[in-house]
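Chemist: Take this sequence and fold it.
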Amino acid sequence: MSTQETKWAIDPTHSKIGFKVKHLMISNVLGSFREFEGEVTTVGNDFSKSVISLSLNTASVDTEIADRNAHLKSGDFFDVENFPKITFNGAGLKDLGDDLYELTGDLTIKGITNPITLSVEFGGVNSDPWGNVKAGFSVTGKLKRKDWGLTWNAALETGGVLVGDEVKIDCDVQLVKKGE
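Modeler: Numbering: from 1, shown residues only. Below you'll find the predicted structure:
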C-alpha cells in the first residue's frame, strides 16, 4: 500500500455541483454552480484520510432562468460582488461500509463559516482511455440557508413562504489524479 501523498483535482467536465430548494412550499427549484475548482490530497488511492478543498464561483450560479439567477447573485442572496466564492474544507471520510462515507467540513457562504456533514458514495477508481486515473463520488446533504445569512424570503398570502429554508445538496464529482 502506498504511503505517498497523492493530489487529485476536480474534473469540471465530468462533475456537477447542484442544489435544490422548495418554491411556494410545493415544488423544487434546481440549480448548480457552473464554475468551481477543488483539490483532494490522499495517501495513495486511500480517501479515508483525505484533505479536501472546494471553491465555487458564486457568479456562476445557474437555475436556467436569467431573472432568478440575477436575484440569486444580488445582495438578497449570494452578494457576488462582495462574496465571489463559496468554499468548503474537509478532512477525512468516515467509513460507513458498502462504499458509503460521511464527510464533515467547514462551509463558508457570504463570509459565514459553519460545519456541515455530507453523505458520500464512492463510485471507485478507474483509468480513462488516455491513461488518466479517475475517482468518482456522489455527495448529498442538507443545510439551512439562514445559518449562512441567506434569509431573503416573501410571505405567501395562503401562509408559508416563497423559498424554503432547507437546501438539498446534490453533487456528482469526478477527480483526476495529478501527475505521478
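Chemist: Pretty sure residue 167 sits against residue 19.
Modeler: Yes - the criterion here is CB atoms under 8 Å, and residue 167 meets it with residue 19 at 5.4 Å. (Glycine included, C-beta is placed from N, CA and C.)
Chemist: for the chain, which spans come out with low pLDDT?
Modeler: Along the chain, the model assigns pLDDT under 70 to residues 1-2, 23-26, 152-163, 180.
Chemist: Quick check: buried residues in stretch 9-16?
Modeler: With burial defined by 16 or more other CB atoms under 10 Å, the residues of stretch 9-16 counted as buried are 10-11, 15.
Chemist: got it, and stretch 39-51?
Modeler: Buried, per 16+ other CB under 10 Å, within stretch 39-51: 40-42, 47, 50.
Chemist: quick one, helices of this structure?
Modeler: Assigned by DSSP state H, the chain shows helices spanning 66-73.
Chemist: which residues of it fall in strands?
Modeler: Using DSSP state E, the strands found in the chain span residues 5-10, 16-23, 27-33, 36-43, 46-57, 61-62, 85-97, 100-109, 112-127, 133-144, 163-177.
Chemist: deepest of those strands, which one?
Modeler: Most buried of the strands of the chain, by mean neighbour count (mean count of other CB atoms under 10 Å): strand 61-62, with a mean of 20.
Chemist: residues making contact with it?
Modeler: Strand 61-62 is contacted from outside by 31-34, 69, 72-73, 78, using CB atoms under 8 Å, 6 or more residues apart in numbering.
Chemist: Distance to residue 129 added to those, as TSV?
Modeler: Below are the contacts of strand 61-62 laid out as TSV (distance: CB to CB, whole Å):
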residue	distance to residue 129
31	32
32	27
33	28
34	26
69	36
72	38
73	39
78	38
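Chemist: for those residues, which one is nearest residue 149?
Modeler: Residue 149 has its nearest neighbour among these in residue 78, at 10.0 Å by CB to CB.
Chemist: Okay, that closest one and residue 57: tell me how far apart.
Modeler: 10 Å (CB to CB, to the nearest Å).
Chemist: Then residue 109?
Modeler: For residue 109, the distance to residue 57 - CB to CB - is 13 Å.
Chemist: again, but for residue 21
Modeler: From residue 21 across to residue 57, the span is 19 Å (CB to CB).
Chemist: And for residue 18?
Modeler: Applying CB to CB, the value for residue 18 to residue 57 is 15 Å.
Chemist: Equivalent analysis for residue 89, please.
Modeler: Counting by CB to CB, the gap from residue 89 to residue 57 is 17 Å.
Chemist: Also residue 49?
Modeler: For residue 49 relative to residue 57 (CB to CB), the value is 29 Å.
Chemist: Residue 34 now?
Modeler: Distance from residue 34 to residue 57, by CB to CB: 8 Å.
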